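J.: My questions are about this predicted structure, shown below with the sequence.
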Amino acid sequence: MPPKKDDKKEAQAEPADKLQAELAALQGVKQDLELGHAILVDKLKQSKAENDRLLQEVDNLKARIGNATQDYVDILQHREEQIKLAEVRNNALQQQVERLQAEIGQCNEEFARLKEDNNKQAEKLDTASSLLSDKERLEETVRKQHDLIDQRGAEIKAARAQIEAKEQALDKARSHIEELSLKCQAATKLQVLFGEPWLVQTSRMKLKGTFPWDREYNILACSAGGKQLVLHGGQSRSHDNVSKETAILTLDSLSWEQPDSAVQAIGLLGHTATAVGRNKLMVFGGSLGEEASAGALVLSTDTMRWSSIATNSVHQPPPRLSHAAVAVREKVYIFGGMTIDGHLLNDLWCLDLDNMQWTHCTCYGYTPTPRKGASLCATEDGRRLYLFGGHTGQRLVNDCYYLEVERLMWSQIHPTGTAPEPRENHVAATLGKHMFVAGGCGEAAAAPAGSNLTAGLAALGGAAATATGGAAGGAGRRLNDTHVLGMFTGPAWEQLDDGSWCNNLMWLKQMSVGSVMHGNRLYTLQPNLHEQLTELQVIELTLPEDIERMKTAKRRDQEQVDRLELLEDAAATSNSIQVNWRPPSKNKERITGFKLMVATITGVAREVYQGKALSYTLNNLKPAGEYVFCVKATYDDGSHVWSESKAFNTKT
């Protein structure tokens with residue numbers, strides 16, 4: 001039975017889809033009942049017609065009987081037999097009439113039953129009509145619910161957008177907090193080194209862009225202008241293809257980028273990189289997988305494209321990796337390293353960038369022992385090359401040598417003070433009369449007895465293991481300290497930084513090269529827990545002579561001047577000149593920037609700097625050369641003023 005009217009609340013509470021199915025079923029029942037009703041009505045009509053026909057036939061029979069009786073009266077005597085037959089027929093017909101009357105009674109009973117069923121169907125139709133009304137009301141309610149759902153969906157969408165905006169703002173705030181936290185860790189301290197005060201400024205900065213992965217046996221170099229750090233090659237057990245990647249960190253924006261044009265087809269590890277010229281980085285040697293390289297490549301920091309170097313030499317250095325290299329003006333020196341089969345070298349080669357010819361340097365004196373992973377740097381005048389540390393195949397060393405370039409004479413020095421612990425894959429650079437040694441891989445706290453280069457190679461296996469032999473065979477320890485060698489006063493060692501800032505960074509890779517020095521700044525990349533290079537530490541050094549120069553500049557800034565002028569206290573070395581200038585005291589705050597021009601004695605002038613600083617260091621100059629400088633100041637209204645030209649000479 002279908003639900004009664006008093007069950008409407010229960011029907012309304014049911015889901016819309018169940019109601020739809022019940023309505024469809026009721027509609028089908030209604031159609032079936034209507035069809036049955038029509039059939040019964042038609043059958044009733046047929047029975048009534050048959051009854052009427054039979055009654056008419058009875059009437060006709062009665063008439064015929066009457067006529068026959070009259071005829072039989074007239075011919076009674078003659079038709080007695082016919083009368084008997086007629087009576088028999090009449091009896092039969094009477095029986096038939098009785099049977100028909102019984103059937104008519106049955107039809108009446110059936111008609112009554114059908115009428116009762118019709119009434120029931122009418123009740124069902126009323127119920128269905130009521131359900132249809134309920135359906136319409138439910139549909140209206142559903143439409144309202146849909147509108148409400150759409151409204152709630154729009155509100156949820158708006159709330160989700162607000163949540164996303166809040167999350168973005170939260171991420172931005174979190175990033176800002178991290179930046180502030182890093183800035184809060186910055187420190188400026190006055191250290192006494194070699195009996196003189198040094199100003200050491202340490203700062204940490206959050207990087208942006210597409211973070212490269214931390215890796216081992218890579219190179220990290222600074223462009224000649226000091227505006228970019230270039231990370232190239234290396235290997236990582238967690239990430240493939242890092243040996244082919246080149247990542248560029250722009251120091252002004254602190255943003256990483258990995259240009260597709262700088263991706264190499266074949267990866268490198270254990271190679272070296274030196275800045276040559278104004279905008280080029282030369283890469284030499286390294287491992288190409290199962291073999292070592294003896295080729296040289298150049299990366300243009302302007303176009304971010306690699307190109308190979310074609311030399312004119314009959315002889316060139318044998319393939320090697322984990323060697324040391326340094327650029328001295330138009331020459332690049334290569335020392336030591338090892339072959340792909342693990343044979344250590346201590347030869348010295350020189351590439352003249354003017355004629356692109358390799359020269360094997362026959363050296364004299366106390367030649368350093370064969371080694372890999374050593375560092376090589378040059379004094380500012382280019383007269384001496386300093387070699388420090390490395391791995392001799394049996395152990396790590398911390399000995400120090402220098403080469404007199406003109407005589408090709410090696411000498412070993414024995415500085416006083418506490419020397420840096422033995423290491424390899426470190427970085428070294430010179431500033432003034434000091435050499436700086438930072439980072440590298442040292443011996444493990446508990447190295448196994450008999451550990452040597454062969455054991456390191458066996459631990460890793462293959463050509464890649466050759467590049468990663470020695471202390472890095474799984475037993476090395478990452479170092480992050482910085483030491484200073486006074487090259488000409490003593491000589492003597494002093495510790496600048498003990499590297500304790502990374503004692504808790506257990507994920508640092510042992511043989512990763514993450515530091516590079518340019519000018520008076522030591523840059524160190526720091527990976528996060530996910531091995532992404534996301535932070536940069538900068539140690540900026542102010543030497544004693546620079547402190548005196550700063551005092552003089554401060555006193556000079558307090559003076560009132562009426563014109564833009566280049567100052568006489570330019571700091572010159574054999575290959576660089578630091579030029580300082582002073583703006584006019586009047587309207588000094590309206591100056592938007594300066595442009596520094598330089599010209600050689602041949603008359604070729606070019607722009608070398610544009611910005612707001614009051615000094616600039618021009619590098620890659622020739623020794624004993626004369627350079628003429630002139631600076632321009634631009635005001636916020638577009639007007640400008642030029643200083644007088646002044647000439648400065650580099651040292652010999």
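T.: Nice, thanks for sending it over.
J.: At the geometric centre of this structure, which residue sits there?
T.: T210 (4.7 Å; Cα atoms, centre = their mean).
J.: quick one, what contacts it?
T.: A247, W256, E257, Q258 (Cβ atoms under 8 Å, 6 or more residues apart in numbering). Any C-beta I mention is one placed from the backbone N, CA and C, and that applies to glycine too.
J.: Just give me the closest of those to L40.
T.: Minimum distance to L40 across the contacts of T210 is 87.5 Å, recorded for Q258 (Cβ to Cβ).
J.: residues touching E34, list them.
T.: Q121.
J.: Would you mind giving both backbone torsions of it?
T.: Backbone geometry at E34, expressed as degrees, to the nearest 10, gives phi -60, psi -40.
J.: ditto for the one 10 residues further on
T.: The phi and psi values for L44, taken as degrees, to the nearest 10, are phi -60, psi -40.
J.: quick one: it from D546, how far?
T.: Counting by Cβ to Cβ, to the nearest Å, the gap from L44 to D546 is 123 Å.
J.: Break down the stretch 151-300 of the chain into its strands, ranges please.
T.: In the stretch 151-300 of the chain, the segments counted as strands under DSSP state E, counting those that start in this stretch are 187-193, 196-206, 208-209, 219-222, 228-232, 246-250, 255-257, 272-276, 280-284, 296-300.
J.: now do the stretch 301-450 of the chain
T.: Assigned by DSSP E, counting those that start in this stretch, the stretch 301-450 of the chain shows strands spanning 305-308, 324-328, 331-338, 344-352, 357-361, 364-365, 375-378, 384-391, 396-404, 409-413, 427-431, 434-438, 441-443.
J.: The fourth one pairs with which strands, and in what direction?
T.: Read it as strand 344-352. Strand 344-352 has the following strand partners under DSSP bridges: strand 331-338 (antiparallel), strand 357-361 (antiparallel).
J.: Which residues does the shortest one contact?
T.: Okay, so that is strand 357-361. Defining contact as Cβ under 8 Å, 6+ apart, one finds that strand 357-361 is touched by 311-313, 315-317, 333, 347-352, 408.
J.: go again using 10 Å as the cut-off
T.: With contacts defined as Cβ atoms under 10 Å, 6 or more residues apart in numbering, strand 357-361 is touched by 294, 296, 311-317, 331-335, 347-352, 403, 405, 408.
J.: Please give me every residue in contact with the residue of the chain most remote from its centre.
T.: Residue farthest from the centre of the chain, counting by Cα atoms, centre = their mean, is Q77 at 132.2 Å. For Q77, the contact set (Cβ under 10 Å, 6+ apart) is empty.
J.: Give me the phi and psi angles of the residue nearest to the centre of the chain.
T.: With angles defined as degrees, to the nearest 10, T210 sits at phi -90, psi 110.
J.: Could you do E644 as well?
T.: According to degrees, to the nearest 10, E644 has phi -70, psi 150.
J.: That one: neighbour count?
T.: Neighbour count of E644, defined by other Cβ atoms under 10 Å: 11.
J.: Distance-wise, check it relative to L431.
T.: 31 Å.
J.: cool, A86 as well?
T.: With distances taken as Cβ to Cβ, A86 is found 153 Å from L431.
J.: Next: L522.
T.: Applying Cβ to Cβ to L522 and L431 gives a distance of 10 Å.
J.: anything in contact with each of the two?
T.: Among the neighbours of L522, those also in contact with L431 (Cβ under 10 Å, 6+ apart) are L541.
J.: pLDDT wise, what is the closest residue to L23 other than its chain neighbours at?
T.: Closest residue in space to L23, ignoring its immediate chain neighbours: K135 at 5.5 Å, by Cβ to Cβ, 6 or more residues apart in numbering. Looking at K135, its pLDDT is 87.
J.: burial count for V516?
T.: 23.
J.: Then G153?
T.: Counted with other Cβ under 10 Å, the neighbours of G153 add up to 11.
J.: Run through the residues that contact it.
T.: H146.
J.: Then L351?
T.: Counting by Cβ under 10 Å, 6+ apart, L351 touches 274, 276, 282, 284, 296, 309, 311, 313, 316-317, 325, 327, 330-334, 357-359.
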